[in-house]
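**Q** sharing a model prediction with you, sequence too.
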Amino acid sequence: MVLQLSIGARVRKSPFFDAARADGMAAASVYNHMYMPTSYGDPAAEYERVINGVAMWDVGVERQVALKGPDAVALARYLTPRNLDGLKIGQGKYVPICNYEGTVINDPVLLQITDDEVWLSIADSDISLWAGGIAGARGMDVRVYEPDVSPLAIQGPKATDVVADMFGGWIRELRYFGFAEAEIEGIPLVLARSGWSKQGGYELYLRDGQYGARLWQLVKQAGASYGIGPGAPNYIERVESGLISYGADTDDATTPYELGMDKFIDVDQEQDFVGKAALRALRDAGVKRRFMGLLIDGDPFPTTNEARWKLHQNGDYVGYASAAAYSPRVQSNIAVAMVSVAAIESGQPVDVACNWGDRTATIVPLPIA
Ligand code: THG
């Protein structure tokens, strides 16, 4: 039986939902209490577009948590272990968020929009509740809410040409995570050089949901001569690139050090922040497991699979793989995995209990491709 997703009012739709559905959305997941398209039914074509062409993705699920008021930047600084000295309007930053135990609870992109407004473009957990609670408890002068903002990603090596045709050549000068306010046909946007792939691209943060269908059509038209087609955050590409998927790759004890986020964590800064004492202790103790790549032997996996596959070495449990796929670029099955440091340092292969039987894997650094 085909498993269906129930559509109802409790799970929200992005402003691009109807357009994405009309263009063949074949599968969806749920992320930030919204439907997120995950496939248009042709995984090979979707992969090809992001690697060699250009794809458009409904990533309206990347909700913005707005911090607005005189204490907006102060609250942002208190929420993340990243050092935000030199933060400026127009340059986004990747800002892990941890709880008081130093466990990662989200990994947003931060955009300072104005002097008193900051957006956290969040992964899949309820940061508006967390941030609003902390702001209230600390008596900060800031409002925390979710504005009507919905990103549409344009990803792949031809994305720059498509976006330049729509908005002008200035977009080529944006640095990675750089952004600017823009508009097309009067539709208000924030245009950013970003996106969850390492193939390059942009994200159009739509600032008024009523124009979702129109913006989708404008991107589709501008991309037509470049072969644009619909897609979704690409499962194979993200495993090749080692991009972190919060909730898939993490568990309820994952630290930023285990994820290799060391350069985004500053426990020596003067600024206080949630989890500072715990993160200091974690840094001093060193990690017992690390986020790594795997090359898995045997026949190509018939589909991608996000199950938690257990890893063993000489019969001992040494970690889990959280996403696996056959990679056309590596010409091997690959995975991202959380692996014990002891297993990594042994230099020996690990056994993977995968959906298609037991396989053997070599541990490799990220990115894999
Ligand atoms: N775009 C926007 N919002 C988002 C995501 C996005 N919110 C949810 C999720 N994705 C946030 N997580 C990530 C994880 C990794 C990256 C971006 C967002 C990423 N990492 C690069 C890397 O790992 O090499 C660069 C990090 C850096 O050097 O700063 O791109 O995709 N709007």
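**A** Good, I have the coordinates. The structure presented is a predicted model; accordingly, all values stated were derived computationally and were not measured. Numbering: from 1, shown residues only.
**Q** and whatever helix or strand residue 135 lives in, what other elements does it pack with?
**A** Counting by DSSP states H and E, the element that carries residue 135 is helix 127-137. In terms of contacts (3 or more CB pairs under 8 Å, 6 or more residues apart in numbering; DSSP states H and E), helix 127-137 is packed against strand 64-68, helix 72-79, strand 104-106, strand 143-145. Where C-beta positions appear, they are placed from N, C-alpha and C, glycine not excepted.
**Q** ok, is it in contact with the ligand or not?
**A** No - Helix 127-137 is not in contact with the ligand by CB under 6 Å from any ligand atom; minimum separation 10.3 Å.
**Q** and that helix, how far out from the chain middle?
**A** Counting by CA atoms, centre = their mean, to the nearest Å, helix 127-137 is centred 22 Å from the centre of its parent chain.
**Q** which positions in that helix come out as buried?
**A** Residues of helix 127-137 classed as buried: 127, 128, 130, 131, 132, 135 (neighbour count, 16 or more other CB atoms under 10 Å).
**Q** do the same with stretch 275-294
**A** Neighbour-count burial for stretch 275-294 [16+ other CB under 10 Å]: 275-276, 278-279, 282-283, 287, 289-294.
**Q** and for stretch 304-321?
**A** Across stretch 304-321, burial judged by 16+ other CB under 10 Å covers 304, 305, 308, 309, 311, 313, 318, 319, 320, 321.
**Q** pull the number of nearby residues for residue 358.
**A** By the criterion of other CB atoms under 10 Å, residue 358 has 10 neighbours.
**Q** and it, that one's in a strand?
**A** Yes - Residue 358 sits within a strand when classified using DSSP: H, G, I helix; E, B strand; the rest coil.
**Q** residues touching the residue nearest to residue 116 when sequence neighbours are not counted, list them.
**A** Of all residues not flanking residue 116 in the chain, residue 72 sits nearest, at 5.2 Å (CB to CB, 6 or more residues apart in numbering). Shown in contact with residue 72 (CB atoms under 8 Å, 6 or more residues apart in numbering): 116, 117, 118, 142.
**Q** are any of those residues buried, and which?
**A** Buried by 16+ other CB under 10 Å: 117, 118, 142, out of the contacts of residue 72.
**Q** what residues are up against the first one?
**A** Same thing as residue 117. Residue 117 neighbours (CB under 8 Å, 6+ apart): 66, 67, 68, 72.
**Q** up against the ligand, what does this protein have?
**A** Near the ligand, when you scan the chain using CB under 6 Å from any ligand atom, you find 62, 94, 107-109, 121-123, 151, 194-196, 203, 243-244.
**Q** try it again with 5 Å
**A** By CB under 5 Å from any ligand atom, the residues of the chain that approach the ligand are 62, 94, 107, 109, 121, 123, 151, 196.
**Q** thinking again about what came up before, check the contacts of residue 72 against the ligand and report the nearest one.
**A** residue 118 (13.7 Å; CB to the nearest ligand atom).
**Q** bridging residues for the closest one?
**A** Beta bridges link residue 118 to residue 67, residue 112 when assigned by DSSP bridges.
**Q** I'd say it and residue 110 touch.
**A** Yes - because the distance of 6.4 Å satisfies CB atoms under 8 Å, residue 118 is recorded as touching residue 110.
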